[in-house]
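Engineer: Starting from these lines, generate the structure:
(one chain, ligands or ions: 1)
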Amino acid sequence: MALYDIDAKRIESQLSNNRYFQRFIYLDETYSTQVYLKNLAKETFGAIALAETQSNGRGRQGRSWQSVKGKNLTFSILLHPNIKPTEAQLISLTAGMAMKKTLTEICRTEFHLKWPNDILCGGKKICGIITEAASTADRILYAVTGIGLNVNMERSEIPKELSDIATSLAIEAGKKYSREDVLLKFICNFSEYIALFNSCDTAAIIDSYRKQCDTIGRTVRVICDDKTLYGRACGITDEGAIIIKTDQGTMTFAAADIVHLRMHDTAE
Ligand code: BTN
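Structural biologist: Coordinates of the predicted model:
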């Protein structure tokens, strides 16, 4: 029987024509869908695991990820892409572009892609993405990309400490969305990008990302390894790292936290 508005059978039947994802796993509760799929990585290809709640939802940079049962989409995707370990970041960037496209298709509001792959709406975070990969020296064995999208969460359900920085589709659009429809649209959009991985067209992926990333050209605060610096984001490398022009010179970051600033925010 379907719990909430997710019908696993319907999703699986919709996926039957998808080239990359056939298996859909629907869990009421799990530790983390990331861990769940990593445990399946040796025996399964192209799977998606969605959980209503996670006891240990993981975010980027060692943070946790909280969600409300029945309201949001918290899911992970298992891939075995034919790419080098240095290109692992491209999977996250791709998922970010596919999610931005999905949200733009279903909701008239504007969405922005903040490097590397947060999606913002009205300056607040609506979706977070994390990719964890296992690799040999020259090949990725598997990658698990996890996505947390705030769909129907109401303002009162957002934890107080996040109320200035987090939002949901329902809050922004003033109406509820079918989580199943959002998920299926995303899988369809993400699958189109995966085709580029398989044809080894990583240049097309990064070109497309450069055009869509809203961080480029902005004044930003960068937090990396407990250090904070300010500068102007001026580009993205072929591996998806961000290039920042600072007073001390130009620096490249493969992983960091970025905050978009208005000019006057820099003088703290
Ligand atoms: C971020 O910090 O912005 C990334 C958040 C990613 C959260 C998702 S929810 C589904 C999947 N399972 C996890 O434990 N984390 C990811």
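Engineer: going forward, measure contacts between C-alpha atoms and count neighbours the same way
Structural biologist: OK.
Engineer: Grab the most central residue of the chain for me.
Structural biologist: By CA atoms, centre = their mean, the chain has its centre lying nearest to residue 129, at 2.4 Å.
Engineer: So it is in contact with residue 96, correct?
Structural biologist: Yes - Residue 129 lies in contact with residue 96 (CA atoms under 8 Å); the separation is 7.1 Å.
Engineer: quick one on the thing from earlier: please name the residues that touch the nearest residue to the residue nearest to the centre of the chain once chain neighbours are set aside.
Structural biologist: Distances taken as CA to CA, 6 or more residues apart in numbering place residue 147 nearest to residue 129, at 4.6 Å, with adjacent residues excluded. Each residue near residue 147 by CA atoms under 8 Å, 6 or more residues apart in numbering is listed here: 73, 74, 75, 76, 127, 128, 129, 130.
Engineer: Secondary structure element holding the residue nearest to the centre of the chain?
Structural biologist: strand 124-135 (DSSP states H and E).
Engineer: and that strand, what other elements does it pack with?
Structural biologist: Under the contact definition 3 or more CA pairs under 8 Å, 6 or more residues apart in numbering; DSSP states H and E, strand 124-135 sits against helix 89-106, strand 118-121, strand 140-149.
Engineer: ok, the residue nearest to the centre of the chain to the ligand distance?
Structural biologist: 4 Å (CA to the nearest ligand atom, to the nearest Å).
Engineer: and the gap between that residue and residue 149?
Structural biologist: As judged by CA to CA, to the nearest Å, residue 129 and residue 149 stand 9 Å apart.
Engineer: likewise residue 193?
Structural biologist: Separation of residue 193 from residue 149 (CA to CA): 19 Å.
Engineer: of the two, who's got more company?
Structural biologist: Of the pair residue 193 and residue 149, residue 149 is the one with more neighbours under other CA atoms under 10 Å, namely 26 against 19.
Engineer: ok now do that one, which residues does it touch?
Structural biologist: Taking CA under 8 Å, 6+ apart as the contact definition, residue 149 lies against 72, 73, 74, 126, 127, 128, 168.
Engineer: can we see that at 10 Å?
Structural biologist: Contacts for residue 149 (CA atoms under 10 Å, 6 or more residues apart in numbering) come out as 67, 71-75, 99, 119, 125-129, 167-169, 179, 182-183.
Engineer: List buried residues within these.
Structural biologist: 67, 71-75, 99, 119, 125-129, 167-169, 179, 182-183 (16 or more other CA atoms under 10 Å).
Engineer: In the stretch 151-268 of the chain, which residue sits nearest the ligand?
Structural biologist: The nearest approach of the stretch 151-268 of the chain to the ligand comes at residue 257, 9.8 Å away (CA to the nearest ligand atom).
Engineer: Hmm, that residue is touching residue 215, no?
Structural biologist: No - Residue 257 is beyond contact range of residue 215, at 11.8 Å (criterion: CA atoms under 10 Å).
Engineer: any shared contact partners between these two?
Structural biologist: Both residue 257 and residue 215 are contacted by 115, 116, under the criterion CA under 10 Å, 6+ apart.
Engineer: more neighbours, these two?
Structural biologist: More crowded of residue 257 and residue 215, by other CA under 10 Å: residue 215, with 24 against 16.
Engineer: Who's the closest spatial neighbour of that one, skipping the chain neighbours?
Structural biologist: Nearest non-adjacent residue to residue 215, counting by CA to CA, 6+ apart: residue 114, 5.4 Å away.
Engineer: okay, stretch 65-73 in PDB with CA atoms only?
Structural biologist: Below are the C-alpha coordinates for stretch 65-73, written out as PDB (Å, rounded to 0.1, in the frame of the first residue of the first chain):
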ATOM      1  CA  TRP A  65      20.300  16.900   6.500                       C
ATOM      2  CA  GLN A  66      16.900  17.000   8.100                       C
ATOM      3  CA  SER A  67      13.600  16.400   6.400                       C
ATOM      4  CA  VAL A  68       9.900  16.100   7.200                       C
ATOM      5  CA  LYS A  69       8.200  12.800   6.500                       C
ATOM      6  CA  GLY A  70       5.700  12.900   3.600                       C
ATOM      7  CA  LYS A  71       6.700  16.400   2.600                       C
ATOM      8  CA  ASN A  72      10.000  16.500   0.900                       C
ATOM      9  CA  LEU A  73      12.100  14.400  -1.500                       C
END
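Engineer: Fine by me, thanks again.
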